[in-house]
Structures are given as C-alpha cells and as structure tokens.
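In: Mind folding the following:
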Amino acid sequence: MAVGRLIGLDIGDVRIGVAVSDPLGIVATPKGVITRANDAADVAAVVEAVREANAVTIVAGLPLNQHGEVGPQAEKTLTFIELLKETIEIPIETIDERFTTAIAHRALAQGNLKGKKRKGKVDQVAAQQILQTFLDRRGRTP
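Out: A predicted model of the protein is given here:
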C-alpha cells in the first residue's frame, strides 16, 4: 500500500460520512459529510474529497449483516464502490463496519451532542471509526 493519506467513507442511503488520516496513516479525523443526490454527483463529490485530501487509498465501510454476510445494504455499498472504481485510480479497501454507527452515536452522546447537531456529525464520526479501525489493524500486521 502506498504511503500517504487515506480517506474513510461511511456510505449510507442519505449521506456519505468522510474521514481523513494524517499523512503517516496513523490517526483518522472526521472531515465532513456528502449529502447524497444521485450516483454521478455522489461519485464526483467523493472524487473531489479524495483530490482535496490527496488520498492514496479509500477505505469504505461494508455494512455486513449480523451474521457477517453481505445483505441488501452491503449490496448497495458494493454497487457504489464499483461506480467509484470506474472513475478513480486509487485502491479501494473495504472493512466490516457493523457497529461503527452505534459507536459514533455513543461517542457523540457522551459529548452531550443532541438532536440535529448529533445527526450532522454521526456519519463523519462513523467514517472516522471505519478508517481508524483499518489503520489500527494495518499497524499491527507485520
């Protein structure tokens, strides 16, 4: 894997949460959200986020079902990833994201964020969780 920033994506039906790593690929930071419009606009927005971050790899959360299998939501995510692959030249990795949204909600609740403020942040915090998990696992692999 190339050295440089990685970008994490939490791909949902309404929003795509975005997170970015530091240049050394150690720490993930929430970056923002992309409000879904249509596939072409969504892909263009992700490409722009990758360009702005000068990212060398995309890490997308894959929402497997409770049995660890690909279900309808994961199929939607994989379809979007295929559209990205047709447009972008950098590698796209996937990681099981089953509990990232719940973790993000818990973290924001502990920070006393409520209602609309939390809703606007949960997707980017979930993307941060996805990316940080990937970075941590990669760091432990020889």
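In: where does the nearest residue to residue 93 once chain neighbours are set aside land in three-state SS?
Out: Sequence neighbours aside, residue 59 is the residue nearest to residue 93 in space, at 5.0 Å (criterion: CB to CB, 6 or more residues apart in numbering). Using the backbone N, CA and C atoms, a C-beta is placed for each residue, glycine as well. Classification of residue 59 by DSSP: H, G, I helix; E, B strand; the rest coil places it in strand.
In: so what's residue 59 up against?
Out: Contacts of residue 59 were listed using CB atoms under 8 Å, 6 or more residues apart in numbering, and they are 6, 7, 8, 9, 92, 93, 94, 95, 130, 131, 134.
In: now the helices: where do they sit in the protein?
Out: 39-53, 72-87, 100-110, 115-140 (DSSP state H).
In: Would you mind putting these into JSON lines with mean neighbour count and distance to residue 64 alongside?
Out: What follows is the helices of the chain, written out as JSON lines (neighbours: other CB atoms under 10 Å; distance: least, CB to CB, whole Å):
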{"stretch": "helix 39-53", "mean neighbour count": "16", "distance to residue 64": "21"}
{"stretch": "helix 72-87", "mean neighbour count": "14", "distance to residue 64": "6"}
{"stretch": "helix 100-110", "mean neighbour count": "17", "distance to residue 64": "11"}
{"stretch": "helix 115-140", "mean neighbour count": "19", "distance to residue 64": "13"}
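In: what distance separates the start and the end of stretch 83-97?
Out: 20 Å (CA to CA, to the nearest Å).
In: What mean pLDDT does it get?
Out: Regarding stretch 83-97, the rounded mean pLDDT is 95.
In: got it, and stretch 32-45?
Out: Mean predicted confidence for stretch 32-45 is 97.
In: Thanks a lot, see you next time.
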